[in-house]
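> Next come a sequence and a model predicted from it.
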Amino acid sequence: MDIRPLRTSDSLEELTRLLHASYASLAAQGWNFTGVDQTVDVTRDRLAGAQGFVAELNGRLVGTVAVRGPKPAGEAYIVDPPPPLYTTPGTAILSQLAVHPDCRGLGLGEQLMDAAEAWARGQGFAQLALDTAEPAAALRRRYERRGYTAAGGVQWRGKTYASVLMVKALGPETTA
């Protein structure tokens, strides 16, 4: 298993199929996360200005996450204006965390989040923010175990659920 930065040579078609497969279980619960059915163009747009990471197994993309800095003033976003947390200087934003259903339980999600948090810390960001469906209790608990706390809410345009915004302070990297 290799966790590495997304390369320009990586297939966005394959990455989009991975997102669809990963988010299918959420769609089955009635939650229309963007990753459920986004197009390749939306995948490309969501990666613009972000650092993508992938998990690769035997040449196949089986996990992904994206992390970027705060939304600049004037950037188009799902809601206008975007939540203040997402425009706060010093705040990185995590999105598109996905692990293929065939590879769940291997710790890939944690490794991808480790990579995103390390990147954000290395870029000098003070905190990392994300959002998830408010009714997705298991996802919220997963983030809470990593030190994320609720920091508000948002209703994204077109979504069938309210989202909870979560944030984690990024201190200096520590070694054991």
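Yep, that arrived.

> Do a quick rundown of the helices in this structure.
Using DSSP state H, the helices found in the chain span residues 12-27, 40-47, 108-122, 137-145.

> Could you pull out the buried residues of the longest one?
Residues 12, 15, 16, 18, 19, 21, 22, 23, 26 are the ones in helix 12-27 that count as buried (16 or more other Cβ atoms under 10 Å). C-beta: built from backbone N, CA, C; applies to glycine.

> Same check on stretch 29-39?
Judged by neighbour count (16+ other Cβ under 10 Å), stretch 29-39 contains these buried residues: 31, 32, 33, 34, 35, 36, 38.

> Kindly report the same for stretch 41-51.
43, 46, 47, 50, 51.

> Relative to residue 57, which of those residues is nearest.
residue 43 (19.8 Å; Cβ to Cβ).

> Contacts only, for residue 168.
Going by Cβ atoms under 8 Å, 6 or more residues apart in numbering, residue 168 touches 117, 127, 128, 129, 143, 146, 147, 148, 149.

> Quick check: nearest residue in space to the most centrally placed residue in the chain, chain neighbours excluded?
Centroid-nearest residue in the chain: residue 95, 1.9 Å away (criterion: Cα atoms, centre = their mean). Spatially, and ignoring its direct neighbours in sequence, residue 95 is nearest to residue 66 (5.0 Å; Cβ to Cβ, 6 or more residues apart in numbering).

> Surely the one you found is in contact with residue 98?
No: if you go by Cβ atoms under 8 Å, residue 66 and residue 98 don't touch, sitting 9.8 Å apart.

> which of these two has more neighbours?
residue 98 (26 against 22; other Cβ atoms under 10 Å).

> how close does that one sit to residue 148?
For residue 98, the distance to residue 148 equals 17 Å [Cβ to Cβ, to the nearest Å].

> Fine by me, thanks again.
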